[in-house]
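sequence first, predicted coordinates after that:
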Amino acid sequence: MEADKVKLKEIKPVLTGYISKSQILLKRDAVPDEDAVHDIRVLMKKSRAVLKLTCPLTDTELQNKDIHDLKRVGQLMSILRDTSVHRKTLRDLRKEFPGIFKSLAGNEKIGKLMQKPEDISEPDLTMNSEIDEINELINKSGYRIRFYQIQNIDPVKLMHQLELSFYVVQNIYLECRNKPIPEKIHQFRKRSKDFLYQLYFFRPLNPAAVKALEKRLERMTMYLGAYNDLYQLIKSIGYTWSGESADPAMDELILKIRDKQDESLARVWPVAYKCFCPGKQIVNLLGFKLLVL
């Protein structure tokens with residue numbers, strides 16, 4: 001049988017494109033809007049996933065610095081996102097459970113989280129400093145990436161790195177199913193995202209199978225993200241159960257939020273099982289034939 005000859009997608013142009021798009025979005029307005037914040041954070045996640053794929057095969061020290069710096073960008077941007085997500089989630093819950101929110105009308109934390117911030121056309125000193133730091137970190141990473149020697153990485157070694165990413169996700173999935181704590185579920189989402197974004201470069205192996213896998217992972221990580229957003233909302237509210245009910249309305253709201261979390265996870269586990277069940281190997285997912293890279 002004659003082997004199929006394929007060439008993986010080139011990494012450096014894609015990585016450079018992620019950084020360039022981030023720079024454009026950041027400069028579009030004095031204060032990034034919600035869409036820009038979301039898009040920049042996604043681009044940072046994609047960039048870090050690429051670096052994690054190539055880092056063990058090239059200049060580890062240099063790429064580790066960029067992984068750290070781009071993670072810092074995501075952390076700075078997440079502050080803006082979390083506030084808007086909590087506000088939208090609470091407003092959706094209020095529409096669904098108006099009676100609960102009527103009982104919580106005097107709750108300061110709920111009121112503050114639901115309050116729409118004033119329109120900001122110009123950043124204050126603190127925000128301006130954060131935006132400057134974000135801009136500097138992205139620009140420096142963009143400059144360093146120009147000198148990366150990642151054009152001629154052995155594709156077989158890259159495939160091995162992707163396989164290692166798969167096994168990391170598979171192990172975390174098993175941990176989550178045996179002990180589904182929020183912190184571990186968050187790790188499952190993050191490592192699944194890494195694997196998802198790394199898969200893009202391997203589409204030529206089997207375009208239909210890889211794209212189908214990407215869609216499943218996108219759906220799975222979306223529900224994992226919804227679960228984590230609800231978990232962060234509970235933390236922002238400052239709710240803890242002490243064994244006695246001091247505020248029945250708040251207890252009921254938290255129960256409704258936990259119901260939403262259960263619904264999200266119920267959509268996650270069937271997909272996760274198909275992708276990462278024990279004994280499954282990456283070749284089962286990609287479905288490629290005899291192959292010459």
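Perfect, thanks for sending it.

which intervals of the chain have sub-threshold pLDDT?
1-6, 59, 80-82, 118-124, 245, 288-293 (pLDDT under 70).

how about 90 then?
Within the chain, the stretches with pLDDT under 90 are 1-9, 26-37, 55-65, 74-85, 106, 115-132, 144-157, 205-206, 240-247, 283-293.

in it, which spans are helices?
11-28, 34-54, 60-96, 98-103, 108-114, 125-145, 155-178, 182-199, 207-237, 248-276, 282-286 (DSSP state H).

buried set for the fourth one?
Within helix 98-103, the residues scored as buried using 16 or more other C-beta atoms under 10 Å are 100-101, 103. All C-beta atoms are positioned from the backbone trio N, CA, C, and that covers glycine.

same deal with the fifth one?
Residues of helix 108-114 classed as buried: 110, 113-114 (neighbour count, 16+ other C-beta under 10 Å).

for stretch 238-254, list every residue counted as buried.
Neighbour-count burial for stretch 238-254 [16+ other C-beta under 10 Å]: 249-250, 252-254.

circling back: a markdown table for the buried residues of helix 98-103, including distance to residue 8?
Formatted as a markdown table, the buried residues of helix 98-103 follow (distance: C-beta to C-beta, whole Å):
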| residue | distance to residue 8 |
| --- | --- |
| 100 | 52 |
| 101 | 52 |
| 103 | 57 |
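
looking at those residues, spot the one nearest residue 170.
residue 100 (39.5 Å; C-beta to C-beta).

pretty sure that closest one contacts residue 256?
Yes - with contact defined as C-beta atoms under 8 Å, residue 100 reaches residue 256; the gap is 7.0 Å.

common neighbours of these two, please.
Common neighbours of residue 100 and residue 256, using C-beta atoms under 8 Å, 6 or more residues apart in numbering, are residue 93.

contacting residues around the nearest residue to residue 56 once chain neighbours are set aside?
Closest residue to residue 56 apart from its sequence neighbours, by C-beta to C-beta, 6 or more residues apart in numbering: residue 161 at 6.3 Å. Residue 161 is in contact with 53-54, 56-57, 198, counting by C-beta under 8 Å, 6+ apart.

roughly how far apart are residue 50 and residue 143?
17 Å (C-beta to C-beta, to the nearest Å).

who's more crowded, those two?
Per other C-beta atoms under 10 Å, whichever of residue 50 and residue 143 has more neighbours is residue 50, with 25 against 10.

now do the same contact list for that one.
11, 14-15, 18, 197-198, 201.

tabulate the residues you listed (a markdown table), appending distance to residue 26 and neighbour count.
Formatted as a markdown table, the contacts of residue 50 follow (distance: C-beta to C-beta, whole Å; neighbours: other C-beta atoms under 10 Å):
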| residue | distance to residue 26 | neighbour count |
| --- | --- | --- |
| 11 | 23 | 20 |
| 14 | 19 | 15 |
| 15 | 17 | 23 |
| 18 | 13 | 24 |
| 197 | 20 | 23 |
| 198 | 25 | 21 |
| 201 | 25 | 22 |
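
which among these gets closest to residue 281?
residue 198 (16.3 Å).
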